[in-house]
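> Here is a sequence with its predicted model. Questions after.
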Amino acid sequence: MPDQNGETRLNKTNQVLVKVLAYIAALVLAAMMFLTFADVCLRYLFNSPILGAPEMIELMMAIVIPFSIVYTAQKRMHISVDFIAERFPASVRRLLECLISLLVLGLFLLITWQSFLYVIDEYETNLTTATLYIPVFPFIVMVSVGFLGLTLILLEDLFNNLSKVVNTWTRS
C-alpha cells in the first residue's frame, strides 16, 4: 500500500538495502585498492609481496560486483537497447516492459534460489582457498545476498510497470 509520498514498503526496503549494500561495496572496493597498492609497493620495494593478496582480492570481488549490480539496477544505470521498442505505441511498450520485467524476475528468482542452495553445498564441503585456507561459503553468501537484492529491485520494477499498464487501461 503506498504511503503519502507514493512509496510502498517494498520501495522503502529496497532503498535501505541498496544504500547498505552500496556502502559495503564501496568499503570493500577501497580495501581492495589499498591491498593492491600495498602488495605492489612491497613487491617492488622490498621484494616481499603480501602472501595471498590475489586470493583476498578475488574474494573481495565476490562482494563488490553483486552489491554494485544491485545499486546499478536500482538507479536504472544499466544499458538498454530499445531502438526497436521505441517504434511501438506507448501502450505496447508498457506491455513489453511488463513482459520483460516478469521474465527477468523469473530468471533471477531461479538464480537466487540456486545460489542459496549452492551456499549450503559449499558449507557442507568446507571448500577453502588454496593459499590462505579461507572458507569460501561466506563469500558465496554475499553473492546470494546480492542476487536477492537484485530480485527485490526487479520485483519493484515489475510492480511499477504493472501499475503503469493498469493506469493506462483504467484511464481509457
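Okay, I see it.
> What spatial separation is found between Ala85 and Leu96?
Ala85 is 6 Å from Leu96, where distance means CB to CB, to the nearest Å. For the C-beta atoms, the positions are set from N, CA and C on the backbone; glycine is no exception.
> And Arg76, by the same measure?
Remark: distance between Arg76 and Leu96 (CB to CB) = 17 Å.
> Of those two, which one has the most company?
Leu96 (15 against 9; other CB atoms under 10 Å).
> What is the strand or helix carrying the more buried one packed up against?
Here Leu96, judged by DSSP states H and E, is contained in helix 90-125. Other helices and strands packing on helix 90-125, by 3 or more CB pairs under 8 Å, 6 or more residues apart in numbering; DSSP states H and E, are helix 137-171.
> name the helices or strands packed onto the helix it packs on?
Checked by 3+ CB pairs under 8 Å, 6+ apart, helix 137-171 has helix 9-46, helix 53-74, helix 90-125 packed alongside it.
> Make JSON lines out of the ones you listed and add mean pLDDT and distance to Leu132.
Output for the helices and strands packed on helix 137-171, formatted as JSON lines (pLDDT from 0 to 100; distance: least, CB to CB, whole Å):
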{"stretch": "helix 9-46", "mean pLDDT": "96", "distance to Leu132": "13"}
{"stretch": "helix 53-74", "mean pLDDT": "97", "distance to Leu132": "6"}
{"stretch": "helix 90-125", "mean pLDDT": "94", "distance to Leu132": "16"}
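> out of the ones you listed, which comes closest to Trp169?
Trp169 lies closest, by CB to CB, to one member of the helices and strands packed on helix 137-171: helix 90-125, at 8.6 Å.
> Give me the buried stretch members for that closest one, please.
94-95, 97-98, 101, 104-105, 108, 111-112, 115-116, 119, 122 (16 or more other CB atoms under 10 Å).
> ok, for the spatially most central residue of the chain, nearest residue in space, not its chain neighbours?
Closest residue to the average C-alpha location of the chain: Val70 at 3.2 Å, with CA atoms, centre = their mean. Spatial nearest neighbour of Val70, excluding adjacent residues (CB to CB, 6 or more residues apart in numbering): Gly149 at 4.0 Å.
> Hmm, Gln15 and the one you found touching each other?
No. In this structure, Gly149 is not within contact of Gln15 by CB atoms under 8 Å, at 11.4 Å.
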